[in-house]
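Trainee: From the sequence below, what's the structure:
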Amino acid sequence: MSTKLSVAEILANLEKKLAFHREQEALHTQQEAHHRQQRAVHAAEIENVAQHLEAFKTVALSAAELATPPPASPLPEEADLGPRPLISKLITRVVASWPAGETLTASSVAAEVNRRYPAKLKRHVDARLASVTLRRLRDDGRLRLAREGKAHHEAIYSKDVLSSR
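Mentor: Numbering: from 1, shown residues only. This next block holds a predicted model:
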């Protein structure tokens, strides 16, 4: 193995390496002390936050239990409907419960059916389906047409005070 470095150059290189590694050791010793301090700070914060989290969970769960409404019992009018009633039957019940003198539209009736009977429906009732039943109720005399529907606005129906059957 031949080297073309002189003994003085080799000594200088070794001294440079020794100085570099001593600086690195000192730097990492400082970093180690700093990291140890930071670890202690974070460990204390972990303990503090964990205690607050457990206290909050305990309070929040008991508050949630108090705030949860009791399970809704089926309305007496739903008992005779069966598991999958006709949509027209549901619409007729909603119209029957509508206050007399107030106007109603197909979309408002459909929204009320969807709100009142979600468990009884396979899919949501839309305004077109409700409109068919409302027209039949009008033809039957249970509703009065307040405004005829056009292409860009739906028909408005009214329940007269005397015709509420």
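Trainee: can you give me how far the top helix by length along the chain is from the chain middle?
Mentor: In the chain, assigned by DSSP state H, the helix with the most residues is helix 7-67. In this view, helix 7-67 has its centroid 38 Å away from the chain centroid, taken as Cα atoms, centre = their mean, to the nearest Å.
Trainee: and the next helix-or-strand element following that helix, C-alpha only, in PDB?
Mentor: The first helix or strand that comes after helix 7-67 along the chain, using DSSP states H and E, is helix 87-97. The C-alpha trace of helix 87-97 is given here as PDB (Å, rounded to 0.1, in the frame of the first residue of the first chain):
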ATOM      1  CA  ILE A  87     -97.500   5.900   0.000                       C
ATOM      2  CA  SER A  88    -100.900   7.300  -0.800                       C
ATOM      3  CA  LYS A  89    -102.000   6.200   2.700                       C
ATOM      4  CA  LEU A  90     -99.100   8.100   4.300                       C
ATOM      5  CA  ILE A  91     -99.800  11.200   2.200                       C
ATOM      6  CA  THR A  92    -103.500  11.100   3.100                       C
ATOM      7  CA  ARG A  93    -102.700  10.900   6.800                       C
ATOM      8  CA  VAL A  94    -100.300  13.900   6.600                       C
ATOM      9  CA  VAL A  95    -103.000  15.900   4.700                       C
ATOM     10  CA  ALA A  96    -105.600  14.900   7.300                       C
ATOM     11  CA  SER A  97    -103.400  16.100  10.100                       C
END
